[in-house]
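> Attaching a predicted model along with its sequence, questions to come.
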Amino acid sequence: MRSSEPGKPSYVARVEAIETDARGSHAKVRVRWYYRPEESIGGRRQFHGAKEVFLSDHFDFQSADTIEGKCKVHSFSSYTKLDSVGNDDFFCRFEYNSATGAFIPDRVAVFCKCEMPYNPDDLMVQCEECSEWFHPSCIETTIEEAKKLDHFYCEECSPQEQDLQNSNSTSKHRDVKVNGKRNLEVTKPKNRQTKRPG
């Protein structure tokens, strides 16, 4: 939906209902807004994808004239399986309470030694031994070097420094593996700093 502020990106909303006046000349739409991470109380965080939106509890009526076009908001799982992402593709993995800043779910699985939730925009490398996923920067390599790996063993699985051998064991993390004991709480920060629970 078109923003009233010039230069601001279009808003994303789900049309819940369409209503017209008695003459049928003026149409209104009842929408449920999606928020971008930077529009939420906690702001954008490192693990938020570029095309991530949150389904909010904020409903509104808008003129049908503000509709610019149709987009697709995918589930997180289906978005990570897309072969290519278009301008009209978004994904949602959280519902968002616009008054309190609370998220549902309030915890998500974390990966890598940095213990961050998965960002589908980031390349990750999987250890062949333990199947854990790692960001190239967290294993002290570049994305370009990571793409050339034939085999990868993390520090825990390869104490002999065999960490980086030529490999093709990289992925856009299509098969998300969840370790239920490792989660990040996704609640609004008390001050605008990002904190992890201890």
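Thanks, I have the structure now.
> Okay, domains of this structure per the record?
Domain ranges of the chain: 12-107, 123-158, per the TED database.
> Could you check the last one and say which residues are buried?
Going back to what we said before, that points to domain 123-158. Judged by neighbour count (16 or more other Cβ atoms under 10 Å), domain 123-158 contains these buried residues: 124-127, 132-136, 138-139, 141, 146, 149, 151-154, 158. (Each C-beta comes from the backbone N, C-alpha and C, glycine too.)
> Of the residues you listed, which belong to strands?
Within the buried residues of domain 123-158, residues falling in strands by DSSP state E are M124, V125, Q126, W133, F134, H151, F152.
> a markdown table for the residues you listed, including pLDDT and distance to L82?
As requested, these are exported to a markdown table (pLDDT from 0 to 100; distance: Cβ to Cβ, whole Å):
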| residue | pLDDT | distance to L82 |
| --- | --- | --- |
| M124 | 93 | 17 |
| V125 | 93 | 21 |
| Q126 | 93 | 20 |
| W133 | 94 | 19 |
| F134 | 94 | 23 |
| H151 | 89 | 28 |
| F152 | 91 | 25 |
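> Identify the residues contacting L55.
If a contact means Cβ atoms under 8 Å, 6 or more residues apart in numbering, then L55 has R14, R32, Y34, V73, C92, F94, E95, Y96 as its contacts.
> now, among the residues you listed, which is nearest to Q46?
The nearest member of those to Q46, counting by Cβ to Cβ, is F94 at 15.2 Å.
> From the structure, what's the count of residues near that closest one?
For F94, the count of nearby residues is 21 (other Cβ atoms under 10 Å).
> mind checking the SS state of S84?
For S84, the assignment made with DSSP: H, G, I helix; E, B strand; the rest coil gives coil.
> separation between it and V108?
Using Cβ to Cβ, to the nearest Å, S84 is found at 25 Å from V108.
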